[in-house]
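Undergrad: sequence unavailable; structure follows:
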DNA sequence: CTAGTTTTGTACCGGTCGATAAAAAACTAG
DNA sequence: CTAGTTTTTTATCGACCGGTACAAAACTAG
């Protein structure tokens, strides 16, 4: 029945461009004019397609975890706990030091920046981060019950240790540290990973 | 010769209040109205005493390193490299999880958030962070030549490892991790610290 | 063709941003 | 007292913020 004027841009392409801007500039640091310029659409088109700035950001977060950050969920499928952690850490390094993407991590960046206006956005990012950490903890619990991890380890502590490491990697990458430098950091840090005796 | 109307507020008290706001909200997330409200002065007084928002932020950074973050410079005076690193890491935990201060680290927060407007501010924070890391590297080089650190270690890599850890701690603290949890993380991570064989 | 629907482009809204002009107020020197 | 200096107060500036009203444009259905 209805036709209407066809949309002149691709939704996912526009989302990817918005992701790039939020990734580089954070939520508060990104103005609507930055978004419309990068997405090459005008303001009413953005609002019609994505709601408002905060809703657009939520869709960008989804696209981030399904795209550039998809390695994190996939890492949990590795056979051994040590492999899971290595995939997470080295994946974080690759993500945050990519040649064609902004330095650092969208989630880490937006979990930090926060005036009173953006507090709800920050909370959303923080709870997503906590969910990721909990997923890693459950994976490590499973590893422990499989005998893949020593019994005298606390999976919650180890999960937090790994996330602390990847968070630090994201900060360092945003500050200019390069891929090789961070790989040496990871190699050092992973010496702390418990081994079966 | 000159007298003039006496200033009705204390400069350092006002700076401390500005620090508290920038610490919690970041540079971009803090509006002039937030600052004047917290500092309990009006806008022209702020400009007369501190220049503008960016100059005020620079003075706040100085006050941060001389106050809450002073442990970092002091840690370098510890006798052994291991003590230096422990003081840095546990000091970072105490700093970022203080009961009467915002969660997280002012420097880490402001090195992340950055629209185009605040890029110069971010660069300032980033270079200060790099200077801290270089100071730690030099301290570790000294330790190595003193035989306090194995010869097959790279002080630059170890300094970056420690900063990555403290950066991650700051992010975790901002995300809600508590002091005891982060101390267990630190204990785990420091198992990676090289020991003389 | 016309009627109905959706997107586009333009122009604009009130609110807030960082920053300042101007005058009143509070001090010192003489 | 008066003259000179500095800070305070009030009121405001232009620019930009996120968000929208409105009409022209581009499509489908009949």
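TA: All right, it came through fine. These numbers were taken from a predicted model, which means no experiment stands behind them.
Undergrad: mean confidence for stretch A:89-106?
TA: Stretch A:89-106 shows a mean pLDDT of 98.
Undergrad: list the buried residues of that stretch.
TA: Buried residues in stretch A:89-106, counted by 16 or more other CB atoms under 10 Å in any protein chain shown: A:89-93, A:95-97, A:101-106. Using the backbone N, CA and C atoms, a C-beta is placed for each residue, glycine as well.
Undergrad: quick check: end-to-end length of it?
TA: The straight-line separation of the ends of stretch A:89-106 (CA to CA, to the nearest Å) is 16 Å.
Undergrad: over to stretch A:141-157?
TA: When the termini of stretch A:141-157 are compared using CA to CA, they are 11 Å apart.
Undergrad: out of the buried residues of stretch A:89-106, which is nearest to chain B?
TA: Nearest to chain B among the buried residues of stretch A:89-106 is residue A:104, at 6.8 Å by CB to the nearest CB.
Undergrad: pretty sure that closest one is touching residue A:170, no?
TA: Yes - with contact defined as CB atoms under 8 Å, residue A:104 counts as touching residue A:170 (5.3 Å).
Undergrad: which neighbours do the two share?
TA: Here residue A:104 and residue A:170 have residue A:96 as joint contacts, going by CB atoms under 8 Å, 6 or more residues apart in numbering or on different chains.
Undergrad: just to revisit the earlier point, which of the buried residues of stretch A:89-106 are close to DNA strand C?
TA: Checked against DNA strand C using CB under 7 Å from any atom of the strand, these yield no neighbours at all.
Undergrad: can you tell me which of those residues end up in helices?
TA: Counting by DSSP state H, those place A:89, A:90, A:91, A:92, A:93, A:95, A:96, A:106 in helices.
Undergrad: spatially, what comes nearest to the fourth one if we skip its sequence neighbours?
TA: In this case it means residue A:92. Distance criterion CB to CB, 6 or more residues apart in numbering or on different chains; nearest residue to residue A:92, sequence neighbours excluded, is residue A:166 at 4.0 Å.
Undergrad: that neighbour: what's it in contact with?
TA: So residue A:166 contacts A:88, A:89, A:92, A:105, B:168 (CB under 8 Å, 6+ apart).
Undergrad: can you redo those as TSV with distance to residue A:72?
TA: Below are these laid out as TSV (distance: CB to CB, whole Å):
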residue	distance to residue A:72
A:88	6
A:89	11
A:92	8
A:105	10
B:168	15
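Undergrad: nearest to residue B:147 among those?
TA: Taking CB to CB as the measure, residue B:147 lies nearest residue B:168 of these, at 30.0 Å.
Undergrad: centre of the chain to the helix or strand that that closest one is a member of, how far?
TA: Assigned by DSSP states H and E, residue B:168 belongs to helix B:155-174. Put simply, helix B:155-174 sits 12 Å off its chain's centre (CA atoms, centre = their mean, to the nearest Å).
Undergrad: now do stretch A:167-175
TA: Relative to its chain's centre, stretch A:167-175 lies at 12 Å (CA atoms, centre = their mean).
Undergrad: give me the contacts around that stretch.
TA: A:89, A:92-93, A:96-97, A:103-105, A:108-109, A:181-182, A:185-186, B:108, B:111-112, B:126, B:129-130, B:160, B:163-172.
Undergrad: what helix or strand is the residue of chain A found nearest DNA strand D on?
TA: Proximity to DNA strand D, evaluated over chain A using CB to the nearest atom of the strand, is greatest for residue A:3 at 1.8 Å. Assigned by DSSP H and E, residue A:3 belongs to no helix or strand.
Undergrad: would you list every one of the helices in chain A?
TA: Listed in chain order, the helices of chain A (DSSP H) span A:11-25, A:32-39, A:43-50, A:53-66, A:70-75, A:81-96, A:106-112, A:119-145, A:155-174, A:179-189.
Undergrad: any idea how far the fifth one is from the chain center?
TA: Same thing as helix A:70-75. With CA atoms, centre = their mean, you get 10 Å for helix A:70-75.
Undergrad: read off the pLDDT value for residue A:1.
TA: Reported pLDDT for residue A:1: 51.
Undergrad: should've said residue A:10
TA: At residue A:10, the pLDDT value in this model is 98.
Undergrad: contacting residues for it?
TA: Taking CB under 8 Å, 6+ apart as the definition, residue A:10 has no contacts.
Undergrad: for it, give its distance to residue B:86.
TA: From residue A:10 over to residue B:86 the distance is 53 Å, taken as CB to CB, to the nearest Å.
Undergrad: got it, and residue A:99?
TA: 37 Å.
Undergrad: about what we covered before: and residue B:50, which of the helices of chain A is closest to it?
TA: Of all the helices of chain A, the one in closest proximity to residue B:50, counting by CB to CB, is helix A:106-112 (24.2 Å).
Undergrad: burial count for residue A:55?
TA: A total of 11 residues lie near residue A:55 under the criterion other CB atoms under 10 Å in any protein chain shown.
Undergrad: before we move on, back to that, what's the most buried one of the helices of chain A?
TA: Most buried of these by mean neighbour count (mean count of other CB atoms under 10 Å in any protein chain shown) is helix A:106-112; its value is a mean of 28.
Undergrad: residue A:160 against residue B:177, yeah?
TA: Yes - using CB under 8 Å, residue A:160 makes contact with residue B:177 at a distance of 6.5 Å.
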